[in-house]
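would you be able to build a 3D model of this:
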Amino acid sequence: MGKLRIGLMVVLSVSWAGAVWAAKKAPVPETGQATSFAAGDDGALQKGVTLPSRRFTDNGNGVIKDNLTGLIWLKNANCLNDRPTWQAALDAVAELNTSDTMNGQDCGDTSGKKGSHRTDWRLPNIKELLSLIDYGQVPALPVDHPFSNFQPLYWSSTTSVNDPGSAWIVEFFNGFVGNNLKTFIFPFVTAVRGP
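Here you go, the predicted model:
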């Protein structure tokens, strides 16, 4: 009887853990591609979680909520107004958290208490940047996006594992993903917060 009880407890524990894990899986959204170029391709099947009818909400306080991911983005997608190195991009976001400025320029975040700025901004990781891609558009950004000053290429906070001197970048003209040396000064910087 004791072995049966222990066996049953193990089965229930594994089942419960599996159910919890299954409930926490992140759903994969549609790519946005609606044109089919061949039978069975992405445009024909359009698999993935249906995108919300209103992808973004402009909160009117310098930030934008992504209704698909729950992430909060800085509305001015190029507040720094410069092309920094990777470390300078991280430093610019740290400055944003301290003073609501990047390179001394007001970023317009008034989403904190009593209209103050928030202090939990971060340089987006590669998956957060990729979540903005809409492969049905050129540039590859959802057509209804309310960002201002959006640029074609952005740094992520994600280092390339096979080359720690490089970090991942996203190019929004056609959704290209790659990595560049962290000393490269072409990518732009934006900021995100949330889940």
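
so which residue is dead centre in the protein?
In the chain, the centroid-proximal residue (C-alpha atoms, centre = their mean) is Glu128; its distance is 1.9 Å.

Val192 is in contact with that residue, correct?
Yes: if you go by C-beta atoms under 8 Å, Glu128 and Val192 touch, sitting 5.5 Å apart. For every residue, glycine as well, the C-beta is placed using N, CA and C.

shared neighbours, these two?
Leu71 (C-beta atoms under 8 Å, 6 or more residues apart in numbering).

ramachandran angles for the residue nearest to the centre of the chain?
Per-residue torsions, Glu128: phi -70, psi -40 (degrees, to the nearest 10).

next: Asn180.
For Asn180, the backbone dihedrals are phi -130, psi 160 (criterion: degrees, to the nearest 10).

for it, give its distance to Ile169.
Between Asn180 and Ile169 the computed distance is 5 Å (C-beta to C-beta, to the nearest Å).

try Ala92
Ala92 is 16 Å from Ile169, by C-beta to C-beta.

ok, Leu51 next?
Taken as C-beta to C-beta, the span from Leu51 to Ile169 is 24 Å.

pretty sure Ser156 is touching Ile169, no?
Yes: using C-beta under 8 Å, Ser156 makes contact with Ile169 at a distance of 6.5 Å.

for this protein, what spans make up the strands?
Under the criterion DSSP state E, the chain contains strands at 56-58, 63-66, 72-74, 101-102, 105-106, 153-160, 163-171, 176-181, 192-193.

mean neighbour count, the ones you listed: which tops it?
strand 72-74 (a mean of 25; mean count of other C-beta atoms under 10 Å).

tell me the contacts of the closest residue in space to Pro27 that isn't next to it in sequence?
Spatial nearest neighbour of Pro27, excluding adjacent residues (C-beta to C-beta, 6 or more residues apart in numbering): Val49 at 4.3 Å. Residues in contact with Val49, defined by C-beta under 8 Å, 6+ apart, are 27-30, 68.

how about 10 Å then?
By C-beta atoms under 10 Å, 6 or more residues apart in numbering, the contact list for Val49 reads 26-30, 68.

check Thr35 too.
Residues near Thr35 by C-beta under 10 Å, 6+ apart: 41-44, 136.

can you list those in CSV and add distance to Thr85, pLDDT and neighbour count?
Shown next, in CSV, are the contacts of Thr35 (distance: C-beta to C-beta, whole Å; pLDDT from 0 to 100; neighbours: other C-beta atoms under 10 Å):
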residue, distance to Thr85, pLDDT, neighbour count
Asp41, 39, 92, 12
Asp42, 35, 92, 19
Gly43, 38, 90, 16
Ala44, 43, 92, 14
Gly136, 33, 91, 18
